[in-house]
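coords please:
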Amino acid sequence: MAEVVRKVIDYEIFAILLLNEKTQECASLPGRLPGRFCGARPVKLGEGVTGQAAQSRRAVLVDDVTQDPTYIAAVPNVRSELAVPLITKKE
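Numbers count the residues shown, from 1 in each chain. This is a model prediction of the structure:
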């Protein structure tokens, strides 16, 4: 999936988070950073950019994360973030 997305968006960091219905947290599969893999801490629904996208079921784009008080800094030097919920069969 990361390579398909790269054909449309030239990203530097990519991760897929899965929602755990029981804990209401999104936990990442290993994400891709240049030269290494990383995994971020679980994010509660509504928390940060990713949690907001999961809760609202809508894409969230933050052009400048330094201006967003809800942003959770997981990787140094990030300037923008796009979180897109993947929904299938209403899940």
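
and residue 84, how many neighbours?
Using other CB atoms under 10 Å, the number of residues around residue 84 comes to 13. Quick note: C-beta positions are derived from backbone N, CA and C, even for glycine.

need the contact list for it.
53, 59 (CB atoms under 8 Å, 6 or more residues apart in numbering).

distance of it from residue 53?
With distances defined as CB to CB, to the nearest Å, the gap from residue 84 to residue 53 amounts to 7 Å.

just residue 65 next, same as before
Between residue 65 and residue 53 the distance is 14 Å, computed by CB to CB.

Comparing those two, which residue is more hemmed in?
Comparing residue 65 with residue 53 by neighbour count (other CB under 10 Å), the higher total belongs to residue 53, at 24 against 16.

Pretty sure the more buried one sits in a helix.
Yes - when classified by DSSP: H, G, I helix; E, B strand; the rest coil, residue 53 is found to be part of a helix.

which is the next helix or strand following the helix or strand bottoming out on mean pLDDT in the chain?
The element with the least model confidence among the helices and strands of the chain, by mean pLDDT, DSSP states H and E, is strand 36-38, at a mean of 48. Towards the C-terminus, the helix or strand next in line after strand 36-38, according to DSSP states H and E, is strand 43-44.

what's the burial count for residue 46?
When neighbours are counted by other CB under 10 Å, residue 46 registers 13.

Look at it and report its pLDDT.
According to the prediction, residue 46 has pLDDT 93.

how about the helices in this protein?
Counting by DSSP state H, the chain has these helices, from start to end: 2-6, 48-56.

Nearest to residue 77 among the ones you listed would be which one?
Ranking those by their distance to residue 77 (criterion: CB to CB) puts helix 48-56 first, at 16.0 Å.
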